[in-house]
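Student: build me a model from this:
(one chain, ligands or ions: 1)
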Amino acid sequence: MQGAISSGSRGVTVWRPPPTYHHGMSPEETTEYLQRYREWFEEDRSIPPEPAPLFDRSVLISEQLRRRAELERTSRRGGGSGIQVFMTIVGFAKHSSATPIQELQPVRFADMLVRRAHVGNYLLCRIVAPCSRMVAIQSMIEDVDGVAYDLSIYNFPSTFDCTLGHLDALFPVGTILAIREPTFKAPMQGDRPLVRVDSPTDICFVVPGSPLLDGVTWRTGATVPRSPTLPTTLDAWQQHGNNYFKASQWFLAAFAYSQGLAIQPDAAVLFLNRAEAYLRMNYYSGALCDAQRVLSTEGTPDAHVGKAVFRLAKAHYGRGEYAASQQSFVQWKNAHTDDSAADTWIERCRARQTEQSTGHYDWPSLFRTAKQKIRLDVADYTGAVEIRTMAQRGGGRGVVATKDVQAGDLLMVTKPFVSVYASDLPRDRVVVTLDLISNMSKERTDAALLARIIDKIYGNPDLHDEVFHLYAGPDYPPPPSTYPPAPRGPISVELLNPNVDIDIAALEAICTYNNFNPYRIENHHADDQATGLYPRASLFNHSCSANALWYCIGDVMIIRAAGPIPAGTEITIPYSVKESYYDRQADLKKHMLEYCTCSLCEEDRKDGHDRLRKRDELEKRVSSTSFLKASLAEARAFEKDVRETFRPTRGPIRPLLALALHAVAEKLRASGNARQLREALRQDIEALRCFGLEIPEGQEGGTGASTRLPIGTDRFPSVTSFFEPTTMMLRVACTYLNLDEEANAVRWMKAALWLTNASIGGGKELFMLVHEEALKQMNIHDYAAKVL
Ligand SMILES: C[S@@+](CC[C@H](N)C(=O)[O-])C[C@H]1O[C@@H](n2cnc3c(N)ncnc32)[C@H](O)[C@@H]1O
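Tutor: Residues are numbered from 1 along each chain as shown. As a prediction, this is how the structure comes out:
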């Protein structure tokens with residue numbers, strides 16, 4: 001193996017370049033690629049650290065200028081007509097500092113080794129060339145000796161899809177940085193090692209007068225050529241910030257105000273302005289501290305106090321502190337009796353407190369709003385659940401019922417820590433994330449999700465533990481046995497010198513173990529590719545045949561009991577709802593669950609691989625559009641094939657057979673003759689049983705039907721969403737109408753209403769909204785509105 005090592009032309013040991021990735025790899029090719037990448041990474045890691053060769057500073061700078069010019073040309077052309085695709089790999093070991101800069105010792109490149117994280121040190125350096133960007137921000141830095149290397153900064157807030165102008169404003173040439181515990185990496189391409197910063201909290205901006213500059217003389221001169229002229233006074237920074245603010249560039253505005261505050265740390269106006277910029281970025285902790293700072297300063301003019309109180313109130317609201325928020329809005333209103341701006345806010349505070357304490361939400365209204373905008377303004381609610389230690393579960397925790405609950409009971413309403421939807425992504429840029437932990441490719445939204453989580457913690461340092469107390473897998477210390485962590489007071493946000501440490505490797509692992517792919521009921525047909533981190537919901541363990549279910553309205557996740565759950569019993573939710581055993585296992589692997597022991601998977605496994613494989617093939621057929629054109633005979637043959645993939649002795653739950661039976665029922669209905677309509681009813685009723693609904697014998701109709709619901713209401717299926725069985729019930733109702741059996745039709749419509757209401761609440765109003773399209777297609781919309 002030693003022979004694989006070669007010395008780069010200038011002397012860095014290059015084991016061999018990493019394997020090449022091609023966009024559009026299949027899932028199997030991606031897994032194989034990641035395997036090869038891991039081997040390469042481990043081999044590279046096994047090379048001992050070594051000194052870096054020196055490079056000609058001017059050559060490095062001119063190369064960076066060339067890269068930058070190329071990017072400018074591309075962006076002038078409007079990025080070209082195509083989409084730029086980038087790839088990033090997460091899940092490998094990387095260092096993030098947790099030591100305050102004051103406790104670190106300076107280090108120079110001459111003393112740094114390639115392939116080492118310089119724990120205990122910081123690197124004082126200056127940016128000597130304008131930035132460019134791929135996934136990371138690329139730049140060139142020199143140390144005090146004038147020795148230059150490339151710099152790659154990952155995950156810096158506000159830069160996920162920013163412009164080059166934004167980068168110039170953040171990292172202009174001449175910027176002095178102190179990089180905590182820098183990692184000097186071997187080159188991936190070419191022969192130049194580079195400083196790689198994964199955690200943005202490792203970057204401190206060094207301003208004139210900083211003690212870090214005491215006794216420092218830059219060998220290449222006091223200023224860097226091509227440095228822009230930056231403001232040097234408080235007023236000039238304020239003006240600079242205001243210009244960015246007017247252009248809606250909140251981060252840059254806050255950054256400029258922070259520079260002003262570095263000159264005059266008690267400048268109330270800058271705190272006030274920064275608080276507003278922070279509010280726009282959802283940096284509520286920062287906004288709250290800045291507003292409080294203004295309010296606690298003696299002699300603050302009334303006008304400033306008013307603004308500070310209003311901003312404080314909004315910051316409390318953003319933090320979910322609705323009572324405190326209301327109090328501040330009332331305080332503001334009392335001082336501004338002729339202004340009604342606070343009234344709406346006070347109303348909102350009251351509504352949120354009611355939601356929080358009662359679990360009563362206006363579901364139909366939320367559903368309507370979510371069709372227009374995904375992010376909803378609601379409070380979180382926690383029902384009769386608590387976290388308990390569960391040694392047999394990865395992470396050691398799970399959720400149990402604190403009292404007996406019934407099907408449909410609301411267990412949790414929770415907003416995401418952060419969520420990303422396809423519509424949030426830039427149109428011209430795709431970042432594909434490959435995950436070395438799960439060995440899979442992630443959703444297109446995952447790279448943005450990671451960036452947004454980092455951004456949120458950066459601006460809300462007190463929320464750090466809410467994320468970092470989640471399970472990060474067996475390579476990390478077990479999380480605390482309780483969750484959520486005790487709330488902390490707000491922590492101020494210092495953009496020049498962050499007040500929080502973000503461990504990126506741990507965070508990547510947390511995302512792999514805890515992310516959801518939220519499923520929005522108002523967007524039922526769309527393939528959204530969304531990703532979200534819902535910390536409280538991620539404490540629920542998985543079962544494919546769970547006793548609770550989850551869904552989202554907008555970005556809000558709602559969890560309800562799917563059947564009776566006695567007090568003290570574990571509550572599980574399905575991480576995946578798929579008919580195919582193999583599809584479910586693939587989904588579960590993404591969540592790092594290798595082997596599901598739920599009753600559905602046990603039953604599936606007992607059917608044996610041959611049957612499962614056959615069923616998987618059949619499942620692909622039923623979900624293809626061509627299946628819609630199948631004849632009745634073909635549908636029957638299909639149903640027979642599907643039926644044979646289940647052991648005759650198996651329990652009633654057979655999700656794919658439900659779809660096959662319903663497919664036959666639909667073909668039978670098309671004929672319109674009474675005998676076939678009756679058969680369709682039998683097919684659909686069997687289909688509903690295959691989803692797990694309890695339907696007593698003799699519900700296939702006939703005369704003299706009772707007014708009781710035709711289905712058991714003890715529990716409802718969690719192996720499928722409510723949409724499929726509800727649609728079947730509505731088709732059954734239509735069939736009864738065709739047979740002139742109105743009483744039966746109404747009973748089945750009521751059953752459909754029961755199932756929808758138990759699954760998502762909202763009564764008839766939400767039922768009519770959720771199924772509006774289906775009801776209209778079936779021509780029973782007005783009828784349902786009348787009889788339900
Ligand atoms: C989102 S976490 C669930 C909460 C976690 N148990 C904790 O303590 O924070 C997902 C991880 O929990 C564990 N887990 C979830 N469902 C499980 C199950 N049915 N059996 C065993 N472990 C499970 C797996 O390790 C999985 O990767």
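Student: and the stretch 251-400 of the chain, which of its residues are near the ligand?
Tutor: Contact residues, the stretch 251-400 of the chain versus the ligand (Cβ under 6 Å from any ligand atom): 393-398. Placement of C-beta: from N, CA and C, glycine included.
Student: one more time with 8 Å, if that's ok
Tutor: 390, 392-398 (Cβ under 8 Å from any ligand atom).
Student: selecting buried members of these in ChimeraX, what would you type?
Tutor: With 16 or more other Cβ atoms under 10 Å as the criterion, this ChimeraX line picks the buried residues out of those:
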select :390,394,395,397,398
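Student: mind putting the residues of the stretch 251-400 of the chain next to the ligand into TSV with secondary structure?
Tutor: Supplementary listing: those in TSV, determined by DSSP: H, G, I helix; E, B strand; the rest coil:
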residue	secondary structure
Met390	coil
Gln392	coil
Arg393	coil
Gly394	coil
Gly395	coil
Gly396	coil
Arg397	strand
Gly398	strand
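Student: show the contacting residues for the residue in the chain that the ligand sits nearest to.
Tutor: Here the chain gets closest to the ligand at one residue, Gly394, 2.0 Å apart by Cβ to the nearest ligand atom. For Gly394, the contact set (Cβ atoms under 8 Å, 6 or more residues apart in numbering) comprises 471, 473-474, 513, 592-593.
Student: now the two most distant members of those residues.
Tutor: Greatest spacing in the contacts of Gly394, by Cβ to Cβ: Pro474 and Leu593 (12.9 Å).
Student: pick out whichever of the two has more residues nearby.
Tutor: Leu593 (18 against 11; other Cβ atoms under 10 Å).
Student: bridging residues for the closest residue to the more buried one other than its chain neighbours?
Tutor: Nearest residue to Leu593, sequence neighbours excluded (Cβ to Cβ, 6 or more residues apart in numbering): His542, at 6.0 Å. Counting by DSSP bridges, His542 is bridged to Ile573.
Student: what's the nearest residue to Ala335 once chain neighbours are set aside in contact with, if anything?
Tutor: Nearest non-adjacent residue to Ala335, counting by Cβ to Cβ, 6+ apart: Gly306, 6.1 Å away. For Gly306, the contact set (Cβ under 8 Å, 6+ apart) comprises 332, 335-336.
Student: returning to what we had before: quick one: neighbours of the residue nearest to Leu593, just the number.
Tutor: By other Cβ under 10 Å, 18 other residues sit near His542.
Student: and if you look at Arg45?
Tutor: Arg45: 12 neighbours (other Cβ under 10 Å).
Student: not counting residues beside it along the chain, what's closest to it?
Tutor: Excluding the flanking residues, the one nearest Arg45 by Cβ to Cβ, 6+ apart is Arg115, at 7.3 Å.
Student: pLDDT score assigned to the one you found?
Tutor: With respect to pLDDT, Arg115 scores 94.
Student: before we move on, back to that, which of the contacts of Gly394 come close to the ligand?
Tutor: 471, 473, 513, 592-593.
Student: format these as TSV; extra columns: pLDDT and secondary structure.
Tutor: Shown next, in TSV, are the ones next to the ligand among the contacts of Gly394 (pLDDT from 0 to 100; DSSP: H, G, I helix; E, B strand; the rest coil):
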residue	pLDDT	secondary structure
Tyr471	98	coil
Gly473	97	coil
Tyr513	97	helix
Met592	94	coil
Leu593	93	coil
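Student: show the buried residues in these.
Tutor: 471, 473, 513, 592-593.
Student: which of those sits closest to Ala370?
Tutor: Closest approach between these and Ala370, by Cβ to Cβ: Tyr513, at 27.4 Å.
Student: tell me the contacts of Pro479?
Tutor: For Pro479, counting by Cβ under 8 Å, 6+ apart, the contacting residues are 395-397, 469-472.
Student: out of those residues, which is nearest to Val556?
Tutor: For Val556, the nearest member of the contacts of Pro479 is Leu470. The distance, counting by Cβ to Cβ, is 19.3 Å.
Student: from Val418, how far off is that closest one?
Tutor: Taking Cβ to Cβ, to the nearest Å as the measure, Leu470 falls 13 Å from Val418.
Student: do the same with Arg368
Tutor: Applying Cβ to Cβ to Arg368 and Val418 gives a distance of 24 Å.
Student: adjacent strands (with direction) for the longest strand seen in the chain?
Tutor: Counting by DSSP state E, the longest strand found in the chain is strand 121-133. Partners of strand 121-133 in the sheet, by DSSP bridges, are strand 105-107 (parallel), strand 137-143 (antiparallel), strand 176-180 (antiparallel).
Student: partners of whichever helix or strand comes after the longest one, with directions?
Tutor: I take that to be strand 137-143. Scanning forward in sequence from strand 137-143 by DSSP states H and E, the next helix or strand is strand 148-153. Sheet pairing of strand 148-153 (DSSP bridges) gives strand 137-143 (antiparallel), strand 194-197 (parallel).
Student: enumerate every residue touching Thr159.
Tutor: 133, 137, 166-167, 170.
Student: identify the residues contacting the residue positioned nearest the centre of the chain.
Tutor: The centre of the chain sits closest to Gly532, judged by Cα atoms, centre = their mean, with a distance of 2.4 Å. Shown in contact with Gly532 (Cβ under 8 Å, 6+ apart): 416-420, 449, 515-518, 555, 557.
Student: inside strands: which ones of these?
Tutor: If you go by DSSP E, the contacts of Gly532 have 418-420, 557 in strands.
Student: just flag the most distant two among those.
Tutor: Val420 and Met557 (14.5 Å).
Student: tell me where the stretch 101-250 of the chain has helices.
Tutor: For the stretch 101-250 of the chain, the helices defined by DSSP state H, counting those that start in this stretch cover 164-170, 234-246, 250-263.
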